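1. what shape does this take:
(chains A and B)
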2 protein chains.
Amino acid sequence: MVTTVRNWSRRSLAAFGFGLVLALAPVLGAFEPSPAIAQTDPLPSWNDGRTKTAILDFVRRVTTEGSADFVPLEERVATFDNDGTLWSEQPMYFQVLFAMDRVKEMDATNPALRDTQPFKAVIDGDRAALAALGEKGLLDIIALTHSGLSVTDFDAIVRKWLATARHPRFDRPYTELVFQPMLELLNFLRANGFKTFIVSGGGIEFMRPWVPSTYGIPPEQIVGSSGKTIFKLNDDKPVIEKLPAVEFVDDGPGKPVGINRFIGRRPVFAAGNSDGDLEMLQWTTLNTGARFGLLVHHTDAVREWAYDRNSEVGRLDKALDQAPQRGWTVVDMKNDWKVIYPFQK
Amino acid sequence: MVTTVRNWSRRSLAAFGFGLVLALAPVLGAFEPSPAIAQTDPLPSWNDGRTKTAILDFVRRVTTEGSADFVPLEERVATFDNDGTLWSEQPMYFQVLFAMDRVKEMDATNPALRDTQPFKAVIDGDRAALAALGEKGLLDIIALTHSGLSVTDFDAIVRKWLATARHPRFDRPYTELVFQPMLELLNFLRANGFKTFIVSGGGIEFMRPWVPSTYGIPPEQIVGSSGKTIFKLNDDKPVIEKLPAVEFVDDGPGKPVGINRFIGRRPVFAAGNSDGDLEMLQWTTLNTGARFGLLVHHTDAVREWAYDRNSEVGRLDKALDQAPQRGWTVVDMKNDWKVIYPFQK
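-> Okay, the predicted model is just below:
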């Protein structure tokens, strides 16, 4: 039953974002391409083998002048899904866990909350009751926690949560549960002239406070889902306020639509991990010229999690079936990655 | 009456965009900041005086380390309106003229068009009849010319029009009617570490085919109005099709909303020319730290056009009243600019 909530949560939460952009840490430099790693291995956390070779070979071909596969600098666009591709997404999408924590925090100043569902279920940690409330319950939670204040205030709330919340299994800040091999891939692509973008079903404003300092990707290169906002001038103080209404869901077929709107060119390289990334990989690779489609397959139940076709979170089914015919590279997390998280180095 | 059509046309057309991104000319290099102009005048087409001094002084202050007004590199965001700020917008918005030409072109392959209004009025050049048809007529023209095909096909149509159409007064391609002093300002800001963005009420996909090569601004730094699109996979060929439905109008209060969504940080520098830019300038300048608001005032009836408070196209009224109290710099086109267009150099 819990999975029902998880299942809905992605698409529902996907419709909300918050906050103006302020990085969690000083970001000067974080936006600059990493220096090319000349002599040393650019992907030290990747085991040698078919996957690593495919990545290195592709980047060499598209960046070699005169090569038939050469791609001009300004066309080197790489798009990355976030949940399950750049950081973990279990036991459920981190943005959902944020919303749950937010309800509990609001309970302290608004005791009346605990008298009504679905808030009572969240405050009591009653997952069965929560699941029984289904989508309507979650949408109420989202409306309560993701709207009714300015994007600036919401940004502060997200940053405070990120600084204090701990992941239930690893007891570490959520921003430490990013994939070390993927951080190396982002740096390697940027060192080779690629402009890297996030294209996530997650809320665009939920990501902005931490993505710049965590991935080295600037706020204007984050494509995501969003809720409607409105501009107001209060006593000569300009404010952008978040409304409880869906604006855009950047998931599934919404990803190529979002890529076209925000980026305006078709990627040369795209990475995802679920069927929500299927259309983004199709839009990227079913095109002329050298293109690269990558799927992160969660196969490591010991170091991370193992799930695919039957998971409510990050279900990987159709995309896994299409990978062979499309020529997409499937990362076997258990065998292709030396380490999962930076703290395991 | 014609002005009625013009009046509606901005907001209506604002809701439509087309095309995937392909620059009109090779764009390699066009996206790179221009080399800093060390010894020579960075703004040669600007007459010496208060306006030029204000620009030079502002850029010096925000780029001087240790200065109280210093702005870190990653926060140097500059936003520019397009119609009337970077290129002309008379006798009416160029995107409206494109739509009219498009109807005439479609008439050749679809003779039945001339039997129905508003298309008959456009084909006959009957402005009075067109004006009488008002908004409904224009929306029909937009629906006909701006939807029902792929963004890729629309991009090709825009590029073909730009390559062949001539401005009625100057008998030159529309892309030659850009303001030389503003091109110098864009280059000067980029040479000083600013990331330059377009934030226009015009269609995002109408702008992408020519903005990169004309202004040196890449597709992903163009914020504009848009129509809804949908992703389709036809016989394994991915297509993004344009629908006859408004998605977002990037004008007036929509500009700060668009800036928040696409760029994710408040600009340090914003330039516009009409009341449609009022909220963008408020969002930019009513903030802590050194900020610059610029308004291009069309005061040159001989070399360009002279209009402000009573114009249906690019009306400048409220913003002109607020300029003194807000500390915005108003460009007097007639007296501040040595030349208007590049071909006059």
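2. show the pLDDT at A:L281.
-> pLDDT for A:L281: 98.
3. list the contacts of whichever strand or helix holds it.
-> A:L281 belongs to helix A:278-285 when elements are defined using DSSP states H and E. Under the criterion CB atoms under 8 Å, 6 or more residues apart in numbering or on different chains, residues A:79, A:81, A:199, A:252-253, A:255-256, A:259, A:266-270, A:272, A:291-293, A:295, A:318-319, A:322, A:326-328, B:231, B:233, B:238, B:240 lie in contact with helix A:278-285. (Each C-beta comes from the backbone N, C-alpha and C, glycine too.)
4. how about stretch A:185-198?
-> With CB under 8 Å, 6+ apart, stretch A:185-198 has contacts from A:33-37, A:42-43, A:55, A:59, A:63, A:73, A:76-82, A:86, A:207, A:211, A:215-217, A:221-224, A:259, A:262-263, A:267-269, A:271, B:220.
5. repeat that for stretch A:232-250.
-> A:11, A:14-16, A:18, A:20, A:142-143, A:146-152, A:154, A:199-201, A:204-205, A:223-231, A:254, A:258, B:256-257, B:260, B:279, B:282-283, B:286-287.
6. again, only this time at 6 Å
-> A:14-15, A:143, A:147, A:150-151, A:201, A:224-231, A:258, B:260, B:282-283, B:286 (CB atoms under 6 Å, 6 or more residues apart in numbering or on different chains).
7. what does the stretch 101-250 of chain A put close to chain B?
-> Residues of the stretch 101-250 of chain A that fall close to chain B, judged by CB under 6 Å from any CB of the partner chain: A:R208, A:P219, A:E220, A:T229, A:F231, A:P238, A:I240.
8. could you look up the SS state of the fifth one?
-> It stands for A:F231. strand (DSSP: H, G, I helix; E, B strand; the rest coil).
9. can you read off the pLDDT for it?
-> Taking A:F231 on its own, its pLDDT is 98.
10. my guess is it meets B:G252, correct?
-> No: counting by CB atoms under 6 Å, A:F231 sits too far from B:G252 to count as a contact (8.6 Å).
11. ok, now which ones touch the nearest residue to A:M182 once chain neighbours are set aside?
-> Nearest non-adjacent residue to A:M182, counting by CB to CB, 6 or more residues apart in numbering or on different chains: A:L86, 5.2 Å away. Contacts for A:L86 (CB under 6 Å, 6+ apart) come out as A:F80, A:V178, A:M182.
12. export those residues as JSON lines, with columns for secondary structure, distance to A:A301 and pLDDT.
-> Formatted as JSON lines, these follow (DSSP: H, G, I helix; E, B strand; the rest coil; distance: CB to CB, whole Å; pLDDT from 0 to 100):
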{"residue": "A:F80", "secondary structure": "strand", "distance to A:A301": "24", "pLDDT": "98"}
{"residue": "A:V178", "secondary structure": "strand", "distance to A:A301": "19", "pLDDT": "98"}
{"residue": "A:M182", "secondary structure": "helix", "distance to A:A301": "19", "pLDDT": "98"}
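13. pick the one among the residues you listed closest to chain B.
-> A:F80 (14.8 Å; CB to the nearest CB).
14. which SS class is the residue lying closest to the closest one once chain neighbours are set aside?
-> Closest residue to A:F80 apart from its sequence neighbours, by CB to CB, 6+ apart: A:A271 at 4.9 Å. Secondary structure, three-state DSSP: A:A271 is strand.
15. now the helices for chain A?
-> Listed in chain order, the helices of chain A (DSSP state H) span residues A:2-13, A:50-63, A:94-109, A:119-124, A:127-146, A:151-164, A:180-191, A:204-207, A:211-215, A:254-262, A:278-285, A:318-326, A:333-336.
16. out of those helices, indicate the one that is most buried.
-> Each of the helices of chain A was scored by mean neighbour count; the highest is helix A:204-207, a mean of 30, by mean count of other CB atoms under 10 Å in any protein chain shown.
17. and it, average pLDDT?
-> The model assigns helix A:204-207 a mean pLDDT of 95.
18. figure out how far it is from the centre of its chain.
-> 9 Å (CA atoms, centre = their mean, to the nearest Å).
19. look up phi and psi at the nearest residue to A:T85 once chain neighbours are set aside.
-> Nearest non-adjacent residue to A:T85, counting by CB to CB, 6+ apart: A:N273, 4.5 Å away. In terms of degrees, to the nearest 10, the main-chain angles of A:N273 are phi -150, psi 0.
20. quick one, what contacts A:R326?
-> By CB under 6 Å, 6+ apart, the residues touching A:R326 are A:T285.
21. try 10 Å
-> Counting by CB atoms under 10 Å, 6 or more residues apart in numbering or on different chains, A:R326 touches A:L278, A:L281, A:Q282, A:T285, A:L286, A:R291, A:G293, A:L295, A:A319, B:D236.
22. state the distance from the spatially most central residue of chain A to chain B.
-> The centre of chain A sits closest to A:N82, judged by CA atoms, centre = their mean, with a distance of 2.0 Å. To chain B, A:N82 is 15 Å away according to CB to the nearest CB, to the nearest Å.
23. right, and that residue touches A:F94 too?
-> Yes: using CB atoms under 10 Å, A:N82 makes contact with A:F94 at a distance of 9.5 Å.
24. overlap in contacts, those two.
-> A:G202, A:F206.
25. cool, thanks, talk later.
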